[in-house]
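Visitor: I'd like to go over a predicted model; first the sequence, then the structure.
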Amino acid sequence: MTTNRPRVFVTRLIASEAINRLREEDVVLDLWDDDLPPPPETLRMRASDADALICLLTDRIDESLLDAAPGVRVISNMAAGTDNVDLATATARGIPVGNTPGVLTESTADFTLALLLAAGRRVIEADRYVRDEQWKTWGPRVLLGKDLYGATLGIIGFGAIGQAVAKRARGFDANILYTRRSDAPPPEGLRSAKRVSLPDLLERSDFVSIHVPLTTATRHMLGERQFASMQEGSILVNTARGAVIDQPTLASALAADPPRPAFAALDVTQVEPIPTDDPLLRLPNLVLAPHIASAGETTRRAMANLAVDNLLAGLRGERMPNCANPKVYA
Ligand code: DGY
């Protein structure tokens, strides 16, 4: 039976509140409810007769996918980043692409602080030390770490998340350096933060945290030369996108003597999940997390709801609350 109701393909089980909202709408819902993403061929097939997609950063929405899905007129990506979507092709085809910034800022900043502190104060190693029965006594030289308190924190990318990290770090009396394309003054409350060049930031910071989106300009922006310029003992945290870092080069930098950076904490890697033979996995001076910086319960619900808001606005032909390619409305 044919229907005029728009067909919406949702590529994963997102918050049930958001799914229920879709069920109440006049749409045909096609839900991929596996824990793993649909394989590329399945994504292609299920998208082929869809009018709209709610997709995730694990789904590659490129030109060839869009060629195979000519009916798609709305894309709603449940992520702030849109590097998985070919925005230029979507724009050229008049397809608005929604994304979900804003609602994940605070969760992501919280988790960044968790990594900065875990890396600086060796929390993961400490846990292993206790479980491995190495804890014999209180020791004046045991597991010495680096304080965030009073340190210099370099923030690469001073958008909403970078600023939210800076706000938290001010509570630790950290000195904030940042890079940003815009020369707008830092906001109220962060007036003492200093905008510097990337080389300057890397040379002067005890901790460096990455908060730029992945674009052609930021891909591999940190490589051999940048690592070599970092301070001895410095700590690098990445909760943005793995490919902002040249990852094999980071593995060599962490394995060098002395390592620069001395320690890294990565929530994101160039390939996700990180392949089991990746040299990073053999290094002791590294903490990894499986891309969970935004994984606060309420945050993920808010992201799913915003993805639905974007989708429904798109289907109604209205401007999306958060559109990643606003040129589409020009
Ligand atoms: C994003 O939204 O881009 C994060 O990487 C996942 O929440």
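Guide: Looks like it came in fine.
Visitor: Tyr178 falls within a strand, correct?
Guide: Yes: with DSSP: H, G, I helix; E, B strand; the rest coil as the criterion, Tyr178 is assigned to a strand.
Visitor: Kindly list the longest helix within this structure.
Guide: Among the elements of type helix in the chain, defined by DSSP state H, the one spanning the most residues is helix 297-315.
Visitor: Off-centre distance for that helix?
Guide: Taking CA atoms, centre = their mean, to the nearest Å, the mean C-alpha location of helix 297-315 is offset from the chain mean by 17 Å.
Visitor: and that helix, what does it pack onto?
Guide: helix 16-23, strand 52-55, strand 74-77, strand 97-98 (3 or more CB pairs under 8 Å, 6 or more residues apart in numbering; DSSP states H and E). All C-beta spots, glycine's among them, are computed from the backbone N, C-alpha and C.
Visitor: how distant is stretch 294-304 from the center of its chain?
Guide: Stretch 294-304 has its C-alpha centroid displaced from the chain centroid by 13 Å (CA atoms, centre = their mean).
Visitor: any residue of it up close to the ligand?
Guide: Yes: contact of stretch 294-304 with the ligand (CB under 6 Å from any ligand atom) involves Ser294.
Visitor: buried set for that stretch?
Guide: By neighbour count with 16 or more other CB atoms under 10 Å, stretch 294-304 contains the buried residues 294-296, 299-304.
Visitor: Can you check which of the helices and strands packed on helix 297-315 gets nearest to the ligand?
Guide: strand 74-77 (8.3 Å; CB to the nearest ligand atom).
Visitor: Sheet-wise, list the partners of the closest one with their directions.
Guide: Each strand that strand 74-77 pairs with, and the sense of that pairing, follows from DSSP bridges: strand 52-55 (parallel), strand 97-98 (parallel).
Visitor: interface residues of the stretch 201-330 of the chain facing the ligand?
Guide: Applying CB under 6 Å from any ligand atom, we find that the stretch 201-330 of the chain lies next to the ligand at Ser294.
Visitor: What segments of the stretch 201-330 of the chain are helices?
Guide: Assigned by DSSP state H, counting those that start in this stretch, the helices in the stretch 201-330 of the chain fall at 224-228, 247-255, 297-315.
Visitor: Would you mind giving those as JSON lines with mean pLDDT added?
Guide: Supplementary listing: those in JSON lines, determined by pLDDT from 0 to 100:
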{"stretch": "helix 224-228", "mean pLDDT": "98"}
{"stretch": "helix 247-255", "mean pLDDT": "98"}
{"stretch": "helix 297-315", "mean pLDDT": "98"}
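Visitor: mind checking which of those helices is nearest Asp62?
Guide: helix 297-315 (19.2 Å; CB to CB).
Visitor: List the contacts of the closest one.
Guide: Under the contact criterion CB atoms under 8 Å, 6 or more residues apart in numbering, helix 297-315 has outside partners 6, 8, 14-15, 17-19, 21-22, 25, 27, 51-52, 54, 73-79, 96, 98-100, 102-104, 106-107, 294, 319-323.
Visitor: Kindly export that helix (C-alpha atoms) in CSV.
Guide: Written as CSV, here are the backbone C-alpha positions of helix 297-315 (Å, rounded to 0.1, in the frame of the first residue of the first chain):
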residue,chain,number,x,y,z
GLU,A,297,21.8,11.0,30.3
THR,A,298,19.9,14.3,30.0
THR,A,299,22.2,15.6,27.4
ARG,A,300,21.7,12.6,25.1
ARG,A,301,17.9,13.0,25.6
ALA,A,302,18.2,16.7,24.7
MET,A,303,20.3,15.8,21.6
ALA,A,304,17.7,13.3,20.4
ASN,A,305,14.8,15.7,21.0
LEU,A,306,16.7,18.5,19.1
ALA,A,307,17.3,16.0,16.3
VAL,A,308,13.5,15.4,16.1
ASP,A,309,12.8,19.1,16.3
ASN,A,310,15.2,19.7,13.3
LEU,A,311,13.7,16.8,11.4
LEU,A,312,10.0,17.9,11.9
ALA,A,313,10.8,21.5,11.0
GLY,A,314,12.5,20.3,7.9
LEU,A,315,9.6,18.1,6.9
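Visitor: Just the angle for that helix relative to helix 16-23, thanks.
Guide: Counting by axes from the mean of the first three to the mean of the last three CA atoms, to 10 degrees, helix 297-315 points 20 degrees away from the direction of helix 16-23.
Visitor: Looking at the residue most central in space within the chain now. What's its pLDDT?
Guide: The residue at the geometric middle of the chain, judged as the C-alpha nearest the mean C-alpha position with CA atoms, centre = their mean, is Ala240 (3.7 Å). pLDDT recorded at Ala240 is 98.
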